[in-house]
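# pasting a predicted model and its sequence here:
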Amino acid sequence: MFDIDFSRLLEQLQYLPDSPMIFSSGIFLFLFLGFTLIYNLLGKADTLRILFVTLFSYYFYYKSSGLFFWLLALVTTSDYFIAKAIAGVKERGGMAKTLVVLSLVLDLGLLVFFKYTNFLGETICTLLSDCGIQVPSTISGSYLLGVTWQHRDIFLPVGISFFTFQSLSYTIDVYRGNIKPLDRLLDYAFYVSFFPQLVAGPIVRARDFIPQIRRPLFVSDQMLGTGIFLIIAGLFKKAIISDYISINFVERIFDQPDLYSGIENLFAVYGYTLQIYCDFSGYSDMAIGIALLLGFQFPKNFDSPYKSASITEFWRRWHISLSSWLKDYLYISLGGNRHGKLRQYFNLLMTMLLGGLWHGASLNFILWGGIHGLLLCLDKMWNSLCAVLSPLTYLPSKKDPNPSKNWFVVFVGGLITFHLVAALWVLFRAPSFGIAEQVFHQIFFKFEPQIFLQWCTSYKAVALLMLLGYVLHFMPEFLSEKVKTYVTRCPLLVKALLIVIVAFIVIQIKSSDVQPFIYFQF
C-alpha cells in the first residue's frame, strides 16, 4: 500500500515563496504529466482547451508570485480593451495615440512601481542631498525623511518585465496597423499568460503567436522530437552545468573576491559567463521545447552568442526576443538610423541604457547597458572605417566573389568580443560596484598563475563542467545540427532513456534547494 502524505502534497500545490515552480522542479514535472493528458483529450475542443491552458497558466504564475496573478489579469484586460478601442478609431492620430499612451502609462506604471520605486526614491534623495535641498519630513504619507529614503518593502512579481513588454507590443502593433485586435478576451489571455514563456520569456510577438491559437492541435514527429531534444538540452544546461558551477564556485568568489587569487577570480568570471548563458538559454530551450509539445512554435532566443565576432553580432545572438523588441519598439521609435550618424549613436546609447535598466533597478545594470551601448557605437564607427579601408580588413573568398572577412580578423574580433562581454558580466553579477572593483583588482594585481594546477585539482568537477560547457557552445554548427537531428529522429524509447539519464544526473548533483532561474528577477 502507498502511504501518501496528503498534507505534504497540498502544501506543495500552494504558493511557496522560497520555492517557485520552475521547469526543472519535481512538482512541475508531476503536474505537467497530468496537464498533457487533459490537454490532448481536449484537442478538438478549441475553446475548452484554450480555457484549460489559460487556467493552468494562471496557476503556474500563482506558484511563482502568489496572489499577484491579479497584475497579469489587469494588464491583460486593460490592453485587450485598449487595443479594441484603438482599432475602432479610424485615424491613427488623436484618440488612437492617446489610447496607446494610456496603455504605456498603465503597463509601465505597474512596472515602475513594483520594480523601481526604491531605486528612484534613493536616486532622487541622493540628487536632492547633493544639491543641498532639504525636504520636510512632515509631509503626510511621504517616505522622504530629510534627504534620505526609507526603503519600502515591495514584492517584485516574477516575470513582470516580460509579460508587460509582450502585452505592450500587442497594443503598439494594433496602433501601427500591423495586426488586427482579437475578438475574444479569452484568446488574448491565453496569449499573454501562456505558461512556457510567461515568467522568463522568450518575449513572443502577437503577430507570430496569435495565428496559432485557434489552429487545430497538431504535433508532428519533427516537433515532438525537437521539443524533447530542447527540453533535454535545456535541463542539462540549467540543472547540471549552470547550477553546479554557480553553487560550488562562482557564488563563493563573488561573495568575497578579495579572499581569492586573481586567477580564481578570472575563472569565476568565465564561470559566470557560462552560467548565465546556460541558465537563460537552458530556460529558453525548455520553454520552446514545451511549447512544441503543445503544438506551438516560438522563435529562437539564443544563437551561440559567444561565437560573435563583434558586439553588434553578440546582440543579434543573445536574448534575441528582447534585442529585437528593443530595436522595433524603442530604437526605431527614437528615430533609429534615419537622422544621421550622431542621432543614431544617441539612439543606440539610450536604447541600451534603458535595456540595462530593464534588467534591474541598480546603477550596475545602467552602467552595464550604457557600456554596451557605447561599444555598439564604436562598432558602428569601426564598420564605417572598414568600408573605406576594406582592403586592410577584408579579403576575397574563392567560393564567394564578394569580399568576406579575413579568418584572422574574425578570430581576433571574437576573442576581443568574448572578453569584453565577460568583463561586463562582472557588473551584471556583482551586488555592488565595490565587489566588481575587488574582482578586477584581484585579476590585474594579484593574479598568481602558479596556482592554476592547484585550482584544477581543488575544483575538478567545476573545471570539467566549464570545459564541457564551452566545448559544446563553440562546437561547429554542423556537428550541433547532427546531434540535434540524431536525437530528434531516434525512437521514442531512446528519447525517454535520455530524459531518464539526464534526470538521474540532475538528482545526483543538485543541491538541497531548487535554484531559480537568474532572469526570474527581471
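Arrived safely.

# quick check: the gap between Gln14 and Phe69.
Relative to Phe69, Gln14 is positioned 13 Å away (C-beta to C-beta, to the nearest Å). No exception for glycine: its C-beta is placed from N, CA and C like everyone else's.

# who has more neighbours out of these two?
Phe69 (20 against 9; other C-beta atoms under 10 Å).

# which other helices and strands contact the helix ranked longest in the chain?
The single longest helix within the chain, with elements called by DSSP state H, is helix 95-130. If you count contacts as 3 or more C-beta pairs under 8 Å, 6 or more residues apart in numbering; DSSP states H and E, helix 95-130 packs onto helix 69-88, strand 148-149, helix 160-176.

# check which element follows the last one along the chain.
If I follow you right, that is helix 160-176. Sequence-wise, the next helix or strand downstream of helix 160-176 (DSSP states H and E) is helix 185-193.

# what angle sits between that next one and helix 69-88?
If you take axes from the mean of the first three to the mean of the last three C-alpha atoms, to 10 degrees, helix 185-193 sits at 120 degrees to helix 69-88.

# give me the contacts around helix 185-193.
The set of residues external to helix 185-193 that reach it, using C-beta atoms under 8 Å, 6 or more residues apart in numbering, is 47, 50-51, 53-54, 57-58, 61, 72-73, 75-77, 79-80, 163, 166-167, 170, 182, 204, 206, 209-210, 213-214.

# so how do I select the buried members of those in PyMOL?
Only the buried entries of the contacts of helix 185-193 go into this PyMOL selection, using 16 or more other C-beta atoms under 10 Å:
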select buried, resi 50+53+54+57+58+61+72+75+76+79+80+163+166+167+170+182+204+206+209+210+213
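
# check contacts around the closest residue to Leu294 other than its chain neighbours.
Spatial nearest neighbour of Leu294, chain neighbours left out: Tyr39 (6.6 Å); criterion: C-beta to C-beta, 6 or more residues apart in numbering. Applying C-beta under 8 Å, 6+ apart, we find Tyr39 in contact with Arg49, Phe52, Val53, Leu294.

# and the third one, which of the three is it?
Recorded secondary structure, Val53: helix (DSSP: H, G, I helix; E, B strand; the rest coil).

# okay, now the unreliable bits of the stretch 51-200 of the chain?
90-93, 129-147, 149 (pLDDT under 70).

# hmm, 90 instead?
For the stretch 51-200 of the chain, residues meeting the criterion pLDDT under 90 lie at 60-72, 87-98, 100-101, 108, 110-163, 165, 176-179, 195-200.

# where does the residue nearest to Leu294 land in three-state SS?
Secondary structure assignment for Tyr39 (three-state DSSP): helix.

# all strands for this structure, in order.
144-145, 148-149, 394-396, 403-405 (DSSP state E).

# the longest helix of the chain to helix 160-176, inter-axis angle?
Using the same axes, to 10 degrees, helix 95-130 lies at 140 degrees relative to helix 160-176.

# report the separation between Gly121 and Ile160.
Taken as C-beta to C-beta, the span from Gly121 to Ile160 is 19 Å.

# could you do Asp328 as well?
Remark: distance between Asp328 and Ile160 (C-beta to C-beta) = 21 Å.

# with neighbour numbers in mind, choose between these two.
With neighbours defined as other C-beta under 10 Å, Asp328 and Ile160 compare such that Ile160 has more, 22 against 17.

# that one and Tyr116 touch, don't they?
No. Proximity of Ile160 to Tyr116 does not meet the contact threshold set by C-beta atoms under 8 Å, at 11.1 Å.

# pull out the buried positions in the longest helix of the chain.
Buried positions in helix 95-130, judged by neighbour count with 16+ other C-beta under 10 Å: 96, 99-100, 102-103, 106-107, 110-111, 114-119, 121, 125, 128.

# and stretch 172-192, what's buried?
Buried residues in stretch 172-192, counted by 16+ other C-beta under 10 Å: 172-175, 179, 181-182, 187-192.

# adding distance to Asn265 as columns, could you present these in JSON lines?
JSON lines is the format used below for these (distance: C-beta to C-beta, whole Å):
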{"residue": "Ile172", "distance to Asn265": "43"}
{"residue": "Asp173", "distance to Asn265": "45"}
{"residue": "Val174", "distance to Asn265": "49"}
{"residue": "Tyr175", "distance to Asn265": "49"}
{"residue": "Ile179", "distance to Asn265": "49"}
{"residue": "Pro181", "distance to Asn265": "52"}
{"residue": "Leu182", "distance to Asn265": "51"}
{"residue": "Asp187", "distance to Asn265": "51"}
{"residue": "Tyr188", "distance to Asn265": "48"}
{"residue": "Ala189", "distance to Asn265": "47"}
{"residue": "Phe190", "distance to Asn265": "47"}
{"residue": "Tyr191", "distance to Asn265": "44"}
{"residue": "Val192", "distance to Asn265": "42"}
